[in-house]
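Trainee: Compute the structure for the input listed below.
(chains A, B and C)
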Amino acid sequence: MDLSVLNDKQKEAVECLSGPLLVVAGAGSGKTRVITYRIANLLAHGIKPYNILAITFTNKAANEMKERVENLLGLGASDCTISTFHSLCNRILHIDIERIGMGKNFNIIDTDDSKSIMRKIIKDLGYDPKKNKERPILSEISKAKNINVGPEEYAAKYAIDDFTRKVSECYNEYEKRKYTANVLDFDDLLVKTAQLFKENPDILDKYQEKYKYILIDEYQDTNDIQFLIVSYLASKYKNICVVGDEDQSIYSFRGANIRNILSFESDFENAKIIKLEQNYRSTQNILNAANRVISNNIGRKEKVLWTENAIGDPVRFEEYKSDKTEADELIRKIKKDKNYSNTAILYRANSQSKSIEEACVYANIPYRLIGGVQFYKRKEVKDMIAYLRVCLNANDDISLLRIINTPSRGIGESSIEKLRTAAISQNCSMFSLLNDASSIGVIKSTASKMKDFYNIILKAKSEVDVKSMLMFFKTKIGYLEDVEIQEGIDARIERESNIDELINKAAEFVSSDTEDAMDSLNNFLNEVSLVADIDELDASDKKLTLMTVHASKGLEFDNVYIVGFSENLFPSAMSLMDGDVGVEEERRLAYVAMTRARKNLHISSAVSKFFQGKSAMYIPSRFVDEAKGDGFECKYAEISNRFYDDVYEEDRPYNKYKFSDQAHSHKSSRSDTYVVNKEVVKAAKADLSKFKSHVTYQKPEKLPYDEGDLVSHIKFGEGKVKSIKDIGKDFEVTIDFKDSGERILLAGFAKLNKI
DNA sequence: CTCCTTTGTCTTTTT
DNA sequence: GACAAAGGAG
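Mentor: Predicted structure coming up:
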C-alpha cells in the first residue's frame, strides 16, 4: 500500500489498524482521505471487507467513499458496509425487527407525516389545536428519543409541568398509532435498533462479529442514541476509529452531542488520539479569517489550523443596500468568472434562496438548488409513494388517509371519519373495511366508491413490479386528469414530469430482478425514504450551487459566497434566544461556511430585506467584526438614514428591532416609521446584545414606577404612565408620550426609567 | 361534498 | 408575502 502521499500524522492514523482511535481533523485537513486510505489499508492487511463498517453523514458521502476505496485498491469494496446511521439501522431492522414485535414491511414516515399524525392526536385528545402546535410537541418527543427516553420513562421523569404532561400524553398516543400503522419515523430507526440490540444479545453478537472494524465520520455530530448503538457494536472488539472536529459541530438541534467527541478518551479505554492541523484546502487569508472567528468560542480544545498554501486574495465582506442588490451584484460577479461548477452560494436558512434564484433566472445562469422544496416532498411524488405504501402495507392508515380521496372521488371528510372510528373500534386497519363499507354506516353510494378504491389497490398489487405499479397509478386512476381540472395544464405537465422521474428511479430497482414485486417495492420505498437533498448533488454539470451552510458540510468550492451575513439572520434570531450556547453553534456554522472555500471567499449582507411582507433592516453580523484582521476587507453600504419600526410582540422579542427603510415604509401601514439617527441604531444594537436578559426576563413583584409617574424611554423619550396592567408573565404599561402620543409597551422590553 | 374566500402563521438548520 | 387551514356558500 503506497502511503507516500500522506503526511506523517495522516500516515499514523492510517497505519493504526486496531483499538480505539480518535482523529481530530480540522477543516480541510484531509479527513476523507484518511478514512478511505485507512479502509484500503485494513483490506490490504487481509481484513475481510464484510467485517468493515464505515458510517458517514450522508448517502452521497457513503457512495463517494466506496468509489474512492475502489479506486485505491483497483477492486470492489462492495462488501464493505459504508452507509449512514439511518440506512444501517434500516437495514438491520428489516432483517430482525420482528424480534421486537413489529412487522417486517414497515414504512418510514417523514416529518410532514409526523406532523399530520400529531395534529390529529392533539384534536382527538381534546386539546385546542390553536394553542397546542404540533411542532414543539414533536420536537420535544424527538429530543426524548435522541436520548433514548421512551414514553413510559418520559411520563415518569420528564412530565413535570403542563407542557411536558401534554407531551407525555401525545408521545404515548403517537407511538401507539405508529405501531398499529406499522410505520417508523426517522428517530425510531435509531431507537428501535438500540432496543433490538439491548433485548437480543444473540442479534447484537451477530453484528459485533460482523462489524469487527468500525469507522465513523463527522463524529462531532452524533447524538446520544447513535453513540449507544456504536458502543453496543464496538464493545466486543473495540476497533473503533472516529473522525471529527468539535469546531464543526452544527447539528445540536438534532440532538448531536459534542460531548461524544470530547470524551472519547474516557468512553473508550486506551484510546489513541491523532490531530490533523495542516489544512490543504484554503488560502492563508481564508484560514486566518476563519480561525479568528472560531477562536471566540470558549471551552473548545485549542487548535490552530495552518497551511502551506499561498496567502491568496483578501477575504471580502460587503454590505449592500437591499437583498435584491446583494443578489444582483453577486450574480454579476459570478457571471463574469463563469466558473459556475466551482462556485457555491451559501446561506443560513432556505428562505434566503429566493432572491438569489430570481437573480439567477434573470441573469440566465444555470443553478442547482439543494434543499428547498425537495423532490420527495412534492405533493404528487408523496401521493404516488403513499399509493405504493398502501400496496405494501395495508395497515398503513396514514398513507391511506392521504390518498383515499386523491384524486377526488367523492369520499368526503365525514365518511372518512366514520371509517376511521370503525377501524379503531374493530381494531383493524381502515383498508380492510373498504371492501364492505356499508357495514360502517356510510351511505350506499359512498360505500361503492370505497369499494372502487379498494379494487384500485388490489389491481395495482397484481402488477409485476414497482415500475408498472407506478405506471398504473399515473395513468389509470385519473390522477393527472384531476390535477389538470384543478390547476390547469401547466401544473399537469410539471407533475407528470416529476412522476416520470420517480418512475425512472423505480426502474433502477427492477432491473436486477429475480425477486418478487413486493420485495422490490419494499426496497424502493425504504431507499426513497432516506435520501437527503445533498445526495442528489451531481458536481459534474456546470451549474452554480445554492444551498444552506448545513448542506455544505464536507464539501469544498474554489469560490464561496456567504450571503445574508446579518444579525438575526446569521446568527439567526432563534439561536440568539438561546444565549451563548446558541451563538457558539452559529459561530461554528460560520466557521464551516468560511472553510468551504479554496481560493475566494466573499461574505455579504444587506441593509434591508423583505421579511414577512414588510421590508426589515439589518446590521452586519457580529462575526464580521470577529473576522476582521490582515487580509480581510470590509465595505459598508452608504446609507444616509436608517429607519426602524418598533414591533413589540410578546412572544417574539427578537422582532423588536426590525428595521424598515424609507423606500418601503409605505408598505408597513400598520406601524409608524421613525427617522432615527446613528446613535439610536447604535443603542438598538447594544440593546440587541442584551436579548438574553429579555428572554430570561423575570417579572418583578412591582414595577419601579407607578400610575401617574413620568418615565423615559430610549426611543420615545419622556411620557406619563397612564395605566399598568398585570398580564401574567409581564406588565402591560400604557404611556402617554410627549412626542408620539399614547402607546402600550411591555415593561420587560421597554425598560422605562422613572424621572 | 366541493369550491372559493378568509384567516392565521411563519423563518433556523435535517436524517 | 406565501402558504396552509378553517369557514362559508352553493
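Trainee: Could you list the buried residues of stretch A:440-456?
Mentor: A:440, A:442, A:446-447, A:449-450, A:453-454, A:456 (16 or more other CB atoms under 10 Å). C-beta coordinates here come from the backbone N, C-alpha and C atoms, glycine included.
Trainee: out of these, what pair is the most spread apart?
Mentor: Farthest apart among the buried residues of stretch A:440-456 by CB to CB are A:Ile440 and A:Ile456. That separation is 19.2 Å.
Trainee: Now for A:Leu480: which residues touch it?
Mentor: A:474, A:492, A:495-496, A:499 (CB atoms under 8 Å, 6 or more residues apart in numbering).
Trainee: before we move on, back to that, can I get the buried residues of stretch A:440-456 in JSON lines with distance to DNA strand C?
Mentor: Formatted as JSON lines, those follow (distance: CB to the nearest atom of the strand, whole Å):
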{"residue": "A:Ile440", "distance to DNA strand C": "23"}
{"residue": "A:Val442", "distance to DNA strand C": "18"}
{"residue": "A:Thr446", "distance to DNA strand C": "16"}
{"residue": "A:Ala447", "distance to DNA strand C": "21"}
{"residue": "A:Lys449", "distance to DNA strand C": "17"}
{"residue": "A:Met450", "distance to DNA strand C": "20"}
{"residue": "A:Phe453", "distance to DNA strand C": "21"}
{"residue": "A:Tyr454", "distance to DNA strand C": "26"}
{"residue": "A:Ile456", "distance to DNA strand C": "24"}
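Trainee: which of these are close to DNA strand B?
Mentor: With CB under 7 Å from any atom of the strand as the criterion, the buried residues of stretch A:440-456 include A:Thr446 near DNA strand B.
Trainee: Run a quick neighbour tally on the residue in chain A positioned nearest to DNA strand C.
Mentor: Per CB to the nearest atom of the strand, A:Gly613 is where chain A lies closest to DNA strand C, at 2.6 Å. When neighbours are counted by other CB atoms under 10 Å, A:Gly613 registers 7.
Trainee: just A:Met594 next, same as before
Mentor: Residues within reach of A:Met594, counting by other CB under 10 Å, total 27.
Trainee: Can you list the strands that the longest strand belonging to chain A pairs with?
Mentor: When chain A is parsed with DSSP state E, its longest strand is strand A:597-611. Neighbouring strands of strand A:597-611 in its sheet, by DSSP bridges, are strand A:315-322 (parallel), strand A:557-562 (parallel), strand A:614-617 (antiparallel).
Trainee: could these go into TSV alongside mean neighbour count, distance to DNA strand B and mean pLDDT?
Mentor: Formatted as TSV, the strands paired with strand A:597-611 follow (neighbours: other CB atoms under 10 Å; distance: least, CB to the nearest atom of the strand, whole Å; pLDDT from 0 to 100):
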stretch	mean neighbour count	distance to DNA strand B	mean pLDDT
strand A:315-322	21	16	92
strand A:557-562	23	14	95
strand A:614-617	23	9	79
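Trainee: Poorly predicted segments of the stretch 651-755 of chain A, please.
Mentor: A:651-700, A:714-716, A:727-730, A:739-740, A:743-746, A:748-751 (pLDDT under 70).
Trainee: quick one: buried residues of stretch A:340-355?
Mentor: Neighbour-count burial for stretch A:340-355 flags A:340-348, A:350, A:352-353, A:355 (criterion: 16+ other CB under 10 Å).
Trainee: and those residues as TSV, adding secondary structure and pLDDT?
Mentor: Formatted as TSV, those follow (DSSP: H, G, I helix; E, B strand; the rest coil; pLDDT from 0 to 100):
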residue	secondary structure	pLDDT
A:Tyr340	helix	88
A:Ser341	helix	86
A:Asn342	helix	91
A:Thr343	strand	93
A:Ala344	strand	94
A:Ile345	strand	94
A:Leu346	strand	95
A:Tyr347	strand	94
A:Arg348	coil	94
A:Asn350	helix	87
A:Gln352	helix	88
A:Ser353	helix	87
A:Ser355	helix	86
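Trainee: And those residues, which is closest to DNA strand B?
Mentor: Nearest to DNA strand B among the buried residues of stretch A:340-355 is A:Asn350, at 3.4 Å by CB to the nearest atom of the strand.
Trainee: measure the closest one to A:Val560 for me?
Mentor: A:Asn350 sits 18 Å away from A:Val560, going by CB to CB, to the nearest Å.
Trainee: Is the longest strand of chain A positioned near DNA strand C?
Mentor: Yes: judged by CB under 7 Å from any atom of the strand, strand A:597-611 comes into contact with DNA strand C at A:Phe610.
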